[in-house]
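1. need a structure here:
(chains A and B)
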Amino acid sequence: MIRIGLIGPPNSGKSTIFNKLTGVYQIIGNWPGKTVETLERKVKYKGNFLLLIDFPGMQTLTPISMEEKIAIKYIIENKPDVIIQVASAIDLERSLYLSLELIELGVPIVVALNQFDEAVKQGFVIDAEKLSEVLGVPVIPTIAIKGIGIDKLIEKALELARSRTGIAYNGRNIYEDIKLQINKVVSIIRKVLPEYYPLEWISLRLLEEDPWITNMIVKLDPKVKDILEEERKVIEKTTGLPPSILMVNRRRLLAERIVSQVRKVKPVGKSNFIKFLDVFSTSLYGYFLLAIVMATVFTVTFRVGLLFRDVINYIFLEVFNYFSFKTNNIFLNAVSSGVQLSLLVGLSFVIPLVFLFHFFFSLLEDSGYLPRAAFLMDKVMRKIGLNGKAFIPLLLGYGCSVPACVSCRILDSDKERFISSLIITLIPCASRMVIVYGLVAIYIGLVNALTIYLLNLILALLMGMIVGRIVGLHHESTGLLMVLPPFRIPSIENSLKKTWIRARDFIYLAIPIIVVGTILLKILEIEGLMGYLNVLFDSLFMRVFGLPGYTLSFLLFGAIRKEFALVFLMTTMNGNPLNYLSQNQLIIFTLITLFYIPCVATIITLIRELQLKRTLVIIGVNLLVAITIGFCVNIILRLLS
Amino acid sequence: MTITLNCLEEGKTAVVKEIHLSNYVRRRLMALGLLINSRLKVLRKAPLKGAILIGVRGCPLIISHDLAGKIVVEEWNIGND
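-> Presented below is the predicted three-dimensional model:
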């Protein structure tokens, strides 16, 4: 088996190449850094067994965030047979900087010069052959999205992996004058590190004062520190620059020199609309645009969702009337009405809404709009102690908390990830949107539903700020630093696929549980479960939230998947909640479901990402907010009426 | 005359002189093209001391107001060369 690593900056098309090779559709988005896990896939490609390793998006081998450290460690310790560096032909200087770093690291690389067509459109004419010659590694132009160049890329990669030839080009030439100092460091760390470690690369990093690597080595041999200090001084004396600046400078200038050799630029105009949008979205008006975009996504989803509901309702009732059967057996009746109701609610409420929302959101994600929102929101996020980059996971939280929490890995520190995850769990995901829609938008009004969203966002950010203060978040953030990807027209096909990936769970996983659960509840209802719950919890629930005790059972189901809270409420109340609960009670119930506890999948993700302790804190905060809000709103509404 | 990058007005061009940031952040900034003595242009500033969008060596880069405050630049006018 040949192990091929895929590495490259965010938005270079790395995920697209990975998908083409594996046939698995990994989520593609147009914001920096969405490959947040190191994915491994075994594939058979033209008779060869390959292990593909997809690394998180990296601009450079300077690790700031956790995911980057994981990736670099993996490359050093597991040594993939060959690494495909997916380079963006649009952003050649930065891509080549990474190539040079990889060459320094001594891994065999093949450069996929991706988005080649896009570069031509922008007036860049790149001589790939010459680039390959200058760089000393194979360079293959690709257009990943159309599958062009992929076969050749893999062929070259396999060739390189099998031949195991070293790299012809000596990228270390730029360090010729400090060779002595590098070798000195190499000879010292050789004693403490295993043979297979890239000693020269580590020496460079040590001289560059990379804190992460320095810490690791100093732990192994504390004496290294003084020697490094000495060598750094020597370098500064001979070159005039401290090594921490010198090496980046030389690498970057070399990258630029190579670019000037292989690239010609023909000026071309951008479409006026894109130009206008680019300016508009980052100006003061951008805030209005952001508000309008978000409000539109929800309003259109709700409106179109309603339309779908009526159509599906109609078809459904016709079909069931046709197949209807009457029986005197009380249990059979319960089963048949349970199946009917659960399918009706699932198909008419949840499916249209969840699919529509994910679709609109995918379009937004693909367009490159999210980084612009991050740019605008940096100031607000900084008040919380985070930076603008954290706004991207938060926005993703409106889709689903699970990937949103995972995407917090793009943030730099533990505390930032913790607080962002906390805010994400308080933000209504698409499943909770179904509840807001099903109970508030339909029975009370669309404006109220949007108001709930707005208040929720303010409250979530406020909670983030409070808990952030408590854990001392303010001293952590390194500040926003992000490359702005260009706007692009989102691909409908891409968005449809992504929607399917994100929403299919509902059909495969949720619908069966809903059907079985409803039948169970119907039977328990006959057995008097509701009465039992009422006796136990009525006094407590009525006094605190003004809700009947049996609503607790919906909340328990909702902890599995949030939309279950709505589905089981609807099926229990035969599709007409206003017969059982007042409008005020609907509002209170909705608010509680927004906050009370992360769903099971989110909790599992949180434990993996943040450890148990912080997960428990998040759950605690969720519960606290839910109880407080439920209690306060109950009192306020009672006073108002 | 040198000023910090966050004080540079929208549309103005300047040359980077000093970067007073931690090793990591400085290295990453430099890798992204923000070298000492390289020229940059402030493309856009988010309102109320928000993030700053700069163009440096042909690429747009978002940088927070705080970070920009640690970068010393010298305003560049035609004729400086």
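2. Any part of the helix or strand bottoming out on mean pLDDT in chain B near chain A?
-> Across the helices and strands of chain B, mean pLDDT, DSSP states H and E gives its lowest value to helix B:23-31, namely a mean of 83. Yes. Applying Cβ under 8 Å from any Cβ of the partner chain, one finds helix B:23-31 touching chain A at B:23-31. (Glycine included, C-beta is placed from N, CA and C.)
3. Within its sheet, name the partner strands of the next helix or strand after that helix and how each one runs.
-> Toward the C-terminus, helix B:23-31 is succeeded by strand B:39-45 as the next helix or strand (DSSP states H and E). Sheet pairing here is set by DSSP bridges, and for strand B:39-45 it gives strand B:13-19 (antiparallel), strand B:52-56 (antiparallel).
4. From the contact counts, what lies against the helix or strand that comes right after the last one?
-> Looking back up the chat, that one is strand B:52-56. Counting by DSSP H and E, the next helix or strand C-terminal to strand B:52-56 is strand B:59-63. With contacts taken as 3 or more Cβ pairs under 8 Å, 6 or more residues apart in numbering or on different chains; DSSP states H and E, strand B:59-63 sits against helix A:369-384, strand A:481-483, strand B:52-56.
5. Point to the residue nearest the middle of chain A.
-> Centroid-nearest residue in chain A, with Cα atoms, centre = their mean: A:Ser407, separated by 3.4 Å.
6. Next one: A:Gly23, what pLDDT does it get?
-> Per-residue pLDDT puts A:Gly23 at 69.
7. ditto for the one 3 residues further on
-> At A:Gln26 the predicted local confidence, pLDDT, stands at 51.
8. A:Lys34 now?
-> pLDDT, read off for A:Lys34, is 47.
9. and A:Gly13, backbone torsions?
-> phi 100, psi 10 (degrees, to the nearest 10).
10. I'd like to check which residues are in contact with it.
-> A:86, A:88, A:114-115, A:142, A:144-145 (Cβ atoms under 8 Å, 6 or more residues apart in numbering or on different chains).
11. ok, and of the residues you listed, which contact chain B?
-> Within these, nothing lies near chain B by Cβ under 8 Å from any Cβ.
12. In a markdown table: those, plus pLDDT.
-> As requested, the contacts of A:Gly13 are exported to a markdown table (pLDDT from 0 to 100):
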| residue | pLDDT |
| --- | --- |
| A:Val86 | 94 |
| A:Ser88 | 87 |
| A:Asn114 | 91 |
| A:Gln115 | 87 |
| A:Thr142 | 94 |
| A:Ala144 | 85 |
| A:Ile145 | 78 |
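13. between those residues, which is nearest B:Leu35?
-> Nearest to B:Leu35 out of those is A:Ser88 (Cβ to Cβ; 20.0 Å).
14. so that closest one makes contact with A:Ser12?
-> Yes. Assessed by Cβ atoms under 8 Å, A:Ser88 is found in contact with A:Ser12 at 4.2 Å.
15. Neighbour count: those two, which is higher?
-> A:Ser12 (28 against 24; other Cβ atoms under 10 Å in any protein chain shown).
16. Can you name the residues that contact that one?
-> A:57, A:86-88, A:91, A:95, A:114-115.
17. out of those residues, which is most surrounded?
-> Top of the contacts of A:Ser12 by neighbour number is A:Asn114, holding 31 neighbours under the definition other Cβ under 10 Å.
18. and the gap between it and chain B?
-> Remark: distance between A:Asn114 and chain B (Cβ to the nearest Cβ, to the nearest Å) = 16 Å.
19. what's the nearest residue to that residue if we skip its chain neighbours?
-> Spatial nearest neighbour of A:Asn114, excluding adjacent residues (Cβ to Cβ, 6 or more residues apart in numbering or on different chains): A:Gly13 at 4.3 Å.
20. Point out the residues in the stretch 1-150 of chain A that sit beside chain B.
-> A:59-60, A:62-64, A:91, A:93-94, A:97.
21. so where is the chain shaky, pLDDT-wise?
-> You didn't say which chain, so I picked chain A. Applying pLDDT under 70 to chain A picks out residues A:10-11, A:23-39, A:164-172, A:268-270, A:324-328, A:475-477, A:530.
22. meant chain B, my bad for not saying
-> Filtered on pLDDT under 70, chain B yields the residue ranges B:78-81.
23. List phi and psi for the nearest residue to A:Asn634 once chain neighbours are set aside.
-> Among residues not flanking A:Asn634 along the chain, A:Gly546 sits closest, at 4.4 Å (Cβ to Cβ, 6+ apart). Note on A:Gly546: backbone dihedrals following degrees, to the nearest 10 are phi 70, psi 30.
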